[in-house]
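Enquirer: model the following, please.
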Amino acid sequence: MMTMKKMSYVVLCAGLMLGASSAQAQLRVEITGIGSNQIPVAVASFVNESAAPQSLSGIIKADLARSGVFKLIDADAPVSETAPVSYEQWKSRGADALAAGTVQSMADGRLDVRYKLFDTIKGAQISSMNNAAAPQFNRLLAHKIADDIYEKLTGVKGAFATRIAYVTQSGREYRLEIADADGEGIQVALRSNEPIISPSWSPDGTKVAYVSFEKKKPIVYVQNLVTRQRTIVSNEKGSNSAPSWSPDGSRLAVALSRDGHTQVYTVNADGSGLRRVSTSSGIDTEPQFSADGQSIYFTSDRSGGPQIYRMSSSGGEAKRVTFGGSYNISPRISSDGKTLAYISRRDGNFQLYALDLASGQELRLSDTANDESPSFSPNGKYIMYATESGRRKSLAVVSVDGRVKQRLTTQAGNIKEPTWGPFMK
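Expert: The predicted model follows:
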């Protein structure tokens, strides 16, 4: 049965769906590239999965294929998780693992979804799940199963049961949209005739901070996605920009020009307790908390051109982090604190780079020329960013090793300012 912990996302989805109208166009996902060592796995159709609004096995297979980590082996017929498994037969078909399951309609209208994962090499069951939920949360259950398969076969938590936020622009209308990580289930959180920029997820996934120009100047808001309530967090004199949440969700780092030139501040999530934490004669902006909350990474031109620095989250001495290239902006740190993603200008191109903080080794991850706004997946294995192709803005996803790439586009207009949300509870 679905636990109370899992129910939090159900309530959130219900609030968001009731409070916002659906977008007109879904995101289209195109995949290129594969992982270096793909794991062959068979995902059989679930028995009686026609009882669900969408095919659970189809969603699971699409998730696994999108990751680039798995090679999908055809399964000819539905397989129940309770049926005896012929390990030798599945091995002979090239599958190292088999996922099987059943869907049952319950008297109260919910769907009971049962699944097991089998290791055909070891000849043993290695995982199982049993969840019940209303039919509208069918996709969430499928994403959670895909996450379980990913984790059991790679040792790394999957990131399919996550969401993304981004901004679309069509004509003079700007929309802050929320979608599942696969681009489905789009909901509009905010519409405006003025720009919306820099969305940032709260750690618990119930709120999004962003900058809106609706009052003819940049102001930082926090919006509750359940109640739709909006709170002004920073409306100081001058520019209010670049909000970023602390890991515990109690504070935000922001960039303000209230004292004449832009510097980094922290502020409580309710707008109280504003405190300046950077002090330089240059421009300090784009702050990002480290995963442990002890440090803030930010962009500064204090050395003559924009570079990325790190300082204590309480302020103090800042140390330069990036040295490759003369122009590095938009720092984002992975959840394990080991990798820094950023945009670097080289030979006139703005491209996505990743820096191994221990070794200092850089890796260029994109082959486009106008990238911006990187954002790590919660498991740290993928980076989403905005890019431009043929004067049309779209989103892209790349694995941290650069092998797997996706492009997300919409017919509704330009799409930009992506941010990857936390795991769904």
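Enquirer: and the strands in the stretch 101-250 of the chain?
Expert: 111-119, 124-133, 162-170, 173-180, 187-192, 196-201, 207-212, 219-224, 230-234, 240-245 (DSSP state E, counting those that start in this stretch).
Enquirer: out of those strands, flag the one nearest residue 66.
Expert: Shortest distance between residue 66 and the strands of the stretch 101-250 of the chain, using C-beta to C-beta, is found for strand 173-180: 11.6 Å. Where C-beta positions appear, they are placed from N, C-alpha and C, glycine not excepted.
Enquirer: for the closest one, which outside residues touch it?
Expert: With contact meaning C-beta atoms under 8 Å, 6 or more residues apart in numbering, strand 173-180 is reached by 16, 20, 23, 27, 139, 143, 162-169, 185-196, 199, 208, 210, 225.
Enquirer: what pairs with it, parallel or antiparallel?
Expert: strand 162-170 (antiparallel), strand 187-192 (antiparallel) (DSSP bridges).
Enquirer: so which of the strands of the stretch 101-250 of the chain is nearest residue 32?
Expert: For residue 32, the closest of the strands of the stretch 101-250 of the chain is strand 162-170, at 19.2 Å, according to C-beta to C-beta.
Enquirer: quick one: the closest one to strand 207-212, angle?
Expert: Put simply, strand 162-170 runs at 20 degrees to strand 207-212, going by axes from the mean of the first three to the mean of the last three C-alpha atoms, to 10 degrees.
Enquirer: just the buried positions in strand 162-170, please.
Expert: For strand 162-170, a neighbour-count test (16 or more other C-beta atoms under 10 Å) marks 162, 163, 164, 165, 166, 167, 168, 169 as buried.
Enquirer: tell me how far that strand lies from the chain's centre.
Expert: 10 Å (C-alpha atoms, centre = their mean, to the nearest Å).
Enquirer: contact partners of it?
Expert: By C-beta under 8 Å, 6+ apart, the residues outside strand 162-170 that reach it are 23, 174-181, 183, 189, 196-197, 199, 201, 205, 208, 377-378, 384, 386, 393, 395, 410, 412-424.
Enquirer: ok, residue 276 - how many residues close by?
Expert: 14 (other C-beta atoms under 10 Å).
Enquirer: report the contact partners of the residue nearest to it when sequence neighbours are not counted.
Expert: Leaving out its chain neighbours, the residue that sits closest to residue 276 by C-beta to C-beta, 6 or more residues apart in numbering is residue 265, at 5.2 Å. Applying C-beta under 8 Å, 6+ apart, we find residue 265 in contact with 234, 253, 254, 255, 256, 274, 275, 276, 277.
Enquirer: which among the residues you listed end up buried?
Expert: Listed as buried from the contacts of residue 265 are 234, 253, 254, 255, 256, 277; burial here means 16+ other C-beta under 10 Å.
Enquirer: in strands only, show me the residues you listed.
Expert: 234, 253, 254, 255, 256 (DSSP state E).
Enquirer: as a markdown table, those with pLDDT and distance to residue 317 would be great.
Expert: Converted to a markdown table, these look like this (pLDDT from 0 to 100; distance: C-beta to C-beta, whole Å):
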| residue | pLDDT | distance to residue 317 |
| --- | --- | --- |
| 234 | 98 | 25 |
| 253 | 98 | 17 |
| 254 | 98 | 21 |
| 255 | 98 | 19 |
| 256 | 98 | 21 |
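Enquirer: and the residues you listed, which is closest to residue 355?
Expert: residue 253 (20.1 Å).
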